[in-house]
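Visitor: Kindly generate the corresponding structure for this input.
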Amino acid sequence: AAKGGARGPQRDLVCGTEFGFGTMHLYNVTLQRGGNIQAAIYGSFSAPKTHEIVVSRTKVLELLRPDANGKLQTVASTEVFGKVRSLCPFRLPGSGRDHIVVGSDSGRIVILIFDAKTRRFKKVHQETFGKTGCRRIVPGQYLAYDPKGRAVMIGALEKQKLVYVLNRDSAANLTISSPLEAHKSRNITFSIVGLDCGFENPIFAAIELDYSDAEQDHTGEAAREAQKQLTYYELDLGLNHVVRRWAEPCGNGANLLIAVPGGGDGPGGVLVCSENFVSYRHQGHREVRCCLPRRSDLPSERGTLIVSSATHKQKSMFFFLAQSEYGDLYKISLDWENDTVKDVVVRYFDTIPTCSSVCVLK
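Guide: Predicted coordinates:
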């Protein structure tokens with residue numbers, strides 16, 4: 001699904017036929033599937049109002065569904081013959097089902113939909129933008145989507161970011177635009193997220209570090225003074241291009257972004273997870289910071305980083321679950337009124353094994 005070529009050990013065999021000689025390529029399929037899950041997303045993939053999870057086991061995509069007893073059952077499993085680097089769901093306006101966007105080592109962005117009749121993932125679109133392999137300047141490491149299902153951003157570890165506009169044609173089929181570039185040379189990306197801004201122009205937030213000055217300064221002073229920045233990228237749907245709307249320093253301990261519901265359901269903006277604290281940030285709003293609860297036996301020189309998170313949203317409320325590198329779960333809530341955040345509240349919730357992804361089912 002994510003790549004047409006084979007990965008892993010591969011041999012070319014020259015085969016003679018009545019028409020001449022040809023090359024046969026062998027795919028490598030292991031007898032025992034991988035157990036590591038490096039990405040998981042939640043949505044309604046097979047039918048409206050179903051509660052399902054799609055997980056990536058590096059080279060295998062699986063659709064899981066909880067049964068009546070609460071145990072996860074495997075509905076479908078597909079080899080992708082490549083390495084899945086990132087996953088994200090998105091839903092077109094007015095639709096009841098979610099699509100799956102896959103970022104892989106294929107140098108392509110792939111959009112899948114699950115066919116409930118055949119129990120297979122069906123490829124809807126596949127757009128090529130770069131070379132194969134896990135390269136630092138080829139997008140695929142990060143994926144972010146507009147909550148209204150209008151656009152998707154796919155980013156690389158360094159320099160390149162591409163935005164694809166999603167829409168419907170006259171036959172109600174999904175269409176995807178040509179990529180819109182949001183590149184910046186000598187710029188390292190740490191996290192990308194899509195902001196909830198209602199039906200205004202889609203905005204994507206990113207934590208970035210510009211090392212252009214540090215590269216030219218051989219004394220190391222510029223490297224020590226380099227600052228991470230929280231940057232907003234706005235997709236202008238009228239002019240069909242992407243601009244850097246806003247940028248502000250966010251501290252070098254920042255490592256993860258969490259989108260805050262907006263568009264009437266919340267104040268919008270992002271939560272910036274940094275070492276030992278979480279802060280609310282938004283354009284035109286003051287920073288509101290809260291410290292993370294610490295374990296009593298944790299040495300004072302050891303910090304606490306958030307490694308995964310999930311958002312639970314209902315009509316009248318929302319909250320976030322964030323997990324630290326030690327496995328501690330925190331419930332984060334906002335005290336807000338009229339799009340103004342007064343306080344960020346972090347409470348200890350539970351301790352579970354450290355996760356790569358957290359999904360909250362309704």
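
Visitor: show me where pLDDT drops low in this structure?
Guide: Along the chain, segments meeting pLDDT under 70 span 1-22.

Visitor: Just give me the longest strand of it.
Guide: In the chain, with assignment by DSSP state E, the single longest strand is strand 340-351.

Visitor: From the contact counts, what lies against the host helix or strand of residue 103?
Guide: Here residue 103 sits within strand 99-104, counting by DSSP states H and E. When contacts are defined as 3 or more CB pairs under 8 Å, 6 or more residues apart in numbering; DSSP states H and E, strand 99-104 sits against strand 84-90, strand 108-115, strand 142-145, strand 151-155. All C-beta spots, glycine's among them, are computed from the backbone N, C-alpha and C.

Visitor: quick one: the first one to strand 108-115, angle?
Guide: On the basis of axes from the mean of the first three to the mean of the last three CA atoms, to 10 degrees, strand 84-90 is oriented at 60 degrees to strand 108-115.

Visitor: my guess is residue 206 meets residue 233, correct?
Guide: Yes - with contacts counted by CB atoms under 8 Å, residue 206 reaches residue 233, the gap being 6.8 Å.

Visitor: shared neighbours of those two, anything?
Guide: Residues touching both residue 206 and residue 233 (CB atoms under 8 Å, 6 or more residues apart in numbering) are residue 161.

Visitor: show me the contacts for the residue nearest in space to the middle of the chain.
Guide: Centroid check for the chain by CA atoms, centre = their mean gives residue 143 as the closest residue, at 3.8 Å. Residues near residue 143 by CB under 8 Å, 6+ apart: 86, 87, 88, 101, 103, 152, 153, 154, 155, 192.

Visitor: contacting residues around the second one?
Guide: Translated: residue 87. 39, 40, 41, 54, 56, 100, 101, 102, 103, 143.

Visitor: Show me what it is bridged to.
Guide: Beta-bridge pairing for residue 87 (DSSP bridges): residue 102.

Visitor: Quick check: the gap between it and residue 110.
Guide: 10 Å (CB to CB, to the nearest Å).

Visitor: same question, the first one
Guide: Plainly put, residue 86 is 11 Å away from residue 110 if you go by CB to CB.

Visitor: who touches both of the two?
Guide: When CB under 8 Å, 6+ apart defines a contact, the residues bordering residue 86 and residue 110 alike are residue 102.

Visitor: Verify the contact between residue 273 and residue 303 for me.
Guide: No - in this structure residue 273 lies outside contact range of residue 303 using CB under 8 Å: 11.8 Å.

Visitor: which of the two has more neighbours?
Guide: Between residue 273 and residue 303, counted using other CB atoms under 10 Å, residue 273 has the larger neighbour count: 28 against 16.

Visitor: Please determine how far the more buried one is located from residue 96.
Guide: Separation of residue 273 from residue 96 (CB to CB) stands at 32 Å.

Visitor: And for residue 182?
Guide: According to CB to CB, residue 182 stands 31 Å off from residue 96.

Visitor: Who has more neighbours out of the two?
Guide: For residue 182 versus residue 96, neighbours defined as other CB under 10 Å are more numerous around residue 182 (21 against 11).

Visitor: Am I right that that one is in contact with residue 156?
Guide: No - between residue 182 and residue 156 there is no contact under CB under 8 Å: 11.1 Å.

Visitor: Buried ones in the helix or strand residue 62 falls within, by neighbour count?
Guide: For residue 62, the host element (DSSP H and E) is strand 60-66. Of the residues in strand 60-66, 60, 61, 62, 63, 64, 65 count as buried by neighbour count, 16 or more other CB atoms under 10 Å.

Visitor: Taking those residues together, which two end up most distant?
Guide: 60 and 65 (16.6 Å; CB to CB).

Visitor: which residues sit against stretch 192-205?
Guide: For stretch 192-205, the external contacting residues (CB under 8 Å, 6+ apart) are 142-148, 150-151, 153, 155, 161, 163, 206, 230-237, 245, 257-266, 268-270.

Visitor: change it to 7 Å
Guide: Contact with stretch 192-205 is made by 142, 144-148, 150-151, 153, 155, 206, 230-237, 245, 257-259, 261-264, 268, 270, as judged by CB atoms under 7 Å, 6 or more residues apart in numbering.
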